[in-house]
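Asker: With the input below, show me the fold.
(2 chains)
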Protein chains: 2
Amino acid sequence: MASGSASSRPSPEHIHSALNAHQQTAALKSAIELDIFTAIDEGNGTAEELARRVKASTRGVRILCDYMTIQGFLRKEHGRYELTPDATLFLSRRSPNYMGSIAEFLTNQRHFENLAKLTEAVRRGGTAGEKGGNREPDDALWVSFARSMAPLTVPAALFIADLVEAQEGRPCKVLDIAAGHGMYGITIAKQNPKAHVTAVDWPAVLEVARENAEKAGVADRYATRAGSAFETELGEAYDLVLLTNIFHHFDKGACVQLMRRVHQALKLEGQAITLEFVPNEDRVSPPVEAGFSLLMLVGTDAGDAYTFAEYEAMFASAGFAKTSLHRMTTMPQEVLVSEK
Amino acid sequence: MASGSASSRPSPEHIHSALNAHQQTAALKSAIELDIFTAIDEGNGTAEELARRVKASTRGVRILCDYMTIQGFLRKEHGRYELTPDATLFLSRRSPNYMGSIAEFLTNQRHFENLAKLTEAVRRGGTAGEKGGNREPDDALWVSFARSMAPLTVPAALFIADLVEAQEGRPCKVLDIAAGHGMYGITIAKQNPKAHVTAVDWPAVLEVARENAEKAGVADRYATRAGSAFETELGEAYDLVLLTNIFHHFDKGACVQLMRRVHQALKLEGQAITLEFVPNEDRVSPPVEAGFSLLMLVGTDAGDAYTFAEYEAMFASAGFAKTSLHRMTTMPQEVLVSEK
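Answerer: Next up is the predicted model:
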């Protein structure tokens, strides 16, 4: 670099690119907000046509669409923009698989505020924000989660339904803890007409789950219990307890406490099904699972992406006989099955 | 995706990753702020050692260093972190090529605020912030630029000095417009003992340039003119006028206006040297140059990353005889030479 010539030498490019990476987030968020992808799918191809359709300036649309092209969400040919296959399937509202809504939760203002305090979070070892406990009733963040993240759950929900052999159609009593949108339990109920699901979450979040159960046609087999997973009466004799994306918010003590409650609520041959970001023991792979810890550092008091060995030990200490790990190929998350 | 099985199908991974990309920026910014890289270079290898050295929590340091490992700035072996070659050269303060300071400007709060208003900027076709004119005296953003970005200029400054044959040592009168840190003019003055440089910028910015000229031992051949490049008396009979990273802030009319002033200030065989982000005519390649437009959309009233054809036309209309394009292999920027 000091010589300014040989291009094979180390380069500041990667550093520069990481420091600018936040632009990618802002750009995709805005393209989704402006519904640019749907407008292109409808046949609007030039910046002028798109600007008219989304009620924005031609200059702004041109720069945003060029950026989306650079990022690989669009293609540009002779001044006309086209959707890439990913954008067609996931970012156009004409697609049944539309998932633009996930931008609402993933780019929630809370995440930006927490990340802006990362240095302070590293110093103190936990969030520098105010809501690190994650036990506050009806936190708007979890309503946003429930309202927006359902589309991203499809592969994992199907994977779990397969794993628990929902299609076999045996009578099955399911408890869905911190259900959020409720899609994991609802997917089981859709596949198994003899499944009955009880969802636990805060009241405002349960409204979303109930709406989704109605849309899925399983509302008559869908019950709710409002309150904290750590305090609410959970009921008993469940075949399955679903624990999707909950443990990462808490320290190990709280996780074990919740696992004990789950153990009590299960019937003798019941199973706890955990969906989580489970990094390898090196904690730096796979990238998404391992990298998830950063969000827990900035957003929680003591949450983490726990390794399989850590989960195994926690479930064992809560009384479970055996825990096994199931990696998905379709999503960067893992499923744990813990037997009572 | 709906089937949740075949992994060769389109995947939401790229969308998910772009919406989370801002975490990369926050993480590298914090690692630089905490001076983690220097601490590792000093021999602190474990999270415990590093936490002690940088006065932070072990948990926070572990999560941040794991994230830096995932991002490719560190390696992790048996629980010890090591620097990658890029990090050794550019992110440890023990290196003469340290450039951690660029985080200060690249992640300046102003950029975050502007990007947070991207959707509104697309609607109106220019910044939704308050400082889009870029003509305000002593804007703190440009002092931050001058103080922090000098390390990134080295390859381009050497490229320009080569291009103008500074080492030939001919008498040379140089005008450096919107000089900032002043490194482009200073590099010419270091290579050519007969070069005299006049730097134009706002007073608070010129203080930084003057400090750098003193450090480089060329202060006796370094003059300054405080004020706007559009209004200040520029002087005359210059051999070279440097226009580094200035045009992209303005619309074409303002660019041509400035080019005309430069044309007047040059002697008969003088050259205007422009350093800029110059995308190809398709405006979507190369990625860094083309992507730079987004920052101009959110941060300026009407700035842009102009193509070579646009620069050629603007310089011609300002009276220049000929403009040629020189691509650097070491940096994602281009140099234009315009002959009077």
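
Asker: Give the buried residues for the helix or strand of chain A with the lowest mean pLDDT.
Answerer: Ranking every helix and strand in chain A by mean pLDDT, DSSP states H and E puts helix A:140-148 at the bottom, with a mean of 85. For helix A:140-148, the neighbour count (16 or more other CB atoms under 10 Å in any protein chain shown) marks A:141-148 as buried. Any C-beta I mention is one placed from the backbone N, CA and C, and that applies to glycine too.

Asker: Tabulate those in JSON lines, adding columns for distance to chain B.
Answerer: JSON lines is the format used below for the buried residues of helix A:140-148 (distance: CB to the nearest CB, whole Å):
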{"residue": "A:141", "distance to chain B": "16"}
{"residue": "A:142", "distance to chain B": "18"}
{"residue": "A:143", "distance to chain B": "19"}
{"residue": "A:144", "distance to chain B": "14"}
{"residue": "A:145", "distance to chain B": "14"}
{"residue": "A:146", "distance to chain B": "18"}
{"residue": "A:147", "distance to chain B": "16"}
{"residue": "A:148", "distance to chain B": "11"}
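
Asker: Can you lay out those residues as a markdown table showing distance to residue B:179?
Answerer: Converted to a markdown table, those look like this (distance: CB to CB, whole Å):
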| residue | distance to residue B:179 |
| --- | --- |
| A:141 | 46 |
| A:142 | 51 |
| A:143 | 52 |
| A:144 | 47 |
| A:145 | 49 |
| A:146 | 54 |
| A:147 | 51 |
| A:148 | 47 |
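
Asker: from those, which single one is nearest residue A:260?
Answerer: Among the buried residues of helix A:140-148, residue A:142 lies closest to residue A:260 (CB to CB), at 23.3 Å.

Asker: That closest one touches residue A:179, doesn't it?
Answerer: No: Residue A:142 lies out of contact with residue A:179 (CB atoms under 8 Å); the separation is 10.4 Å.

Asker: Common neighbours of the two, please.
Answerer: The contact sets of residue A:142 and residue A:179 overlap at A:201, A:205 (CB atoms under 8 Å, 6 or more residues apart in numbering or on different chains).

Asker: Now find how far off-centre the longest strand seen in chain A is within its chain.
Answerer: Secondary structure of chain A per DSSP state E: the longest strand is strand A:266-276. Taking CA atoms, centre = their mean, to the nearest Å, the mean C-alpha location of strand A:266-276 is offset from the chain mean by 21 Å.

Asker: swap in stretch A:281-291?
Answerer: Worked out by CA atoms, centre = their mean, stretch A:281-291 lies 16 Å from the chain centre.

Asker: First-to-last residue distance for it?
Answerer: Stretch A:281-291 stretches 13 Å from its first residue to its last (CA to CA, to the nearest Å).

Asker: Please list the outside residues in contact with it.
Answerer: In this structure, residues lying in contact with stretch A:281-291 by CB under 8 Å, 6+ apart are A:277-280, A:293, A:305, A:307-309, A:332-334, B:16-17, B:23, B:62, B:66-67, B:69-70, B:76.

Asker: One more: stretch A:269-277?
Answerer: A:156, A:160, A:163-164, A:184, A:238-245, A:247-248, A:259, A:262-263, A:266, A:288-289, A:292, A:305-306, A:311, A:315, A:320, A:332-340.

Asker: Out of those, which sit inside helices?
Answerer: If you go by DSSP state H, the contacts of stretch A:269-277 have A:156, A:160, A:163, A:184, A:259, A:262-263, A:288-289, A:292, A:311, A:315 in helices.

Asker: What distance do you get for residue A:246 to residue B:39?
Answerer: Distance, residue A:246 to residue B:39, using CB to CB, to the nearest Å: 35 Å.

Asker: The two: which is more packed in?
Answerer: Applying other CB atoms under 10 Å in any protein chain shown to residue A:246 and residue B:39 shows that residue B:39 carries more neighbours, namely 23 against 20.

Asker: is residue A:244 in a bridge, and if so with what?
Answerer: residue A:275 (DSSP bridges).

Asker: Give me the neighbour count for it.
Answerer: Neighbour number of residue A:244 under other CB under 10 Å is 23.

Asker: May I ask you to confirm that it is in contact with residue A:178?
Answerer: Yes: using CB under 8 Å, residue A:244 is in contact with residue A:178, at 7.4 Å.

Asker: Where do the strands of the stretch 101-250 of chain A begin and end?
Answerer: Along the stretch 101-250 of chain A, counting by DSSP state E, counting those that start in this stretch, strands occupy A:172-177, A:195-201, A:222-226, A:238-244.

Asker: Of those strands, give the one that comes closest to residue B:95.
Answerer: strand A:238-244 (45.4 Å).
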